[in-house]
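>>> need a structure here:
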Amino acid sequence: MSFFLVYTIVMMAGVFVLLGLLVFAEYRKLDELESYFSENEKVRRHKRFWGRNQRIDRMHRMRLIVEFFSMPKTHIKAGLVTEAELASVPIALKRWALWPYRMGYVWIVASIIWAIWYRW
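Model (predicted):
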């Protein structure tokens, strides 16, 4: 068995693990995350616009909160979120929000490596 085949199998298994983590975070952790930003105007407006309970709506609502955690200084400076709101979220909940998306970035890089390797 070649190393490329093993890499391909790991990549395909990684897709399902990543998708499972994303769905879990969006369906189990999003409501709890939004409760910490209940007074935030941007989050409330986003929740009104993406208010249906479909996956794409939850994905966009989760993405806004992930942006707050990924680049806090930028959003604080823009006045979209306060330091107190970000500090009130427990660290474990922040990890549940950030890590599935960060793993997605790693998977995208690994997919690009796979595509280059496949054509080589």
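
>>> Give me the below-cutoff pLDDT ranges for this protein.
Scanning the chain for pLDDT under 70 picks out nothing.

>>> As a check, name the ranges of all helices in the chain.
Here the chain has its helices, by DSSP state H, at 3-24, 30-36, 41-49, 55-70, 72-78, 83-88, 91-119.

>>> buried residues in the first one?
In terms of neighbour count (16 or more other C-beta atoms under 10 Å), helix 3-24 has its buried residues at 14, 18, 21, 22. For every residue, glycine as well, the C-beta is placed using N, CA and C.

>>> so which of those would you say is closest to residue 30?
Proximity of the buried residues of helix 3-24 to residue 30 (C-beta to C-beta) peaks at residue 22, which lies at 10.9 Å.

>>> give the contact list for the closest one.
By C-beta atoms under 8 Å, 6 or more residues apart in numbering, the contact set of residue 22 is 59, 100, 101, 104.

>>> who's in contact with the most centrally placed residue in the chain?
The residue lying closest to the centre of the chain (C-alpha atoms, centre = their mean) is residue 101, at 3.6 Å. With contact taken as C-beta under 8 Å, 6+ apart, residue 101 is in contact with 22, 63, 66, 70.

>>> I'd say the last one and residue 98 touch.
Same thing as residue 70. Yes - the pair residue 70 and residue 98 passes the contact test of C-beta atoms under 8 Å, sitting 6.9 Å apart.

>>> Which pair of the contacts of residue 101 spans the longest distance?
22 and 70 (15.4 Å).

>>> that older thread, can you redo the contacts of residue 101 as a markdown table, where the extra columns are distance to residue 48?
Formatted as a markdown table, the contacts of residue 101 follow (distance: C-beta to C-beta, whole Å):
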| residue | distance to residue 48 |
| --- | --- |
| 22 | 23 |
| 63 | 16 |
| 66 | 19 |
| 70 | 23 |
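
>>> I'd like to know which of those are buried.
Counted by 16+ other C-beta under 10 Å, the contacts of residue 101 give 22, 63, 66 as buried.
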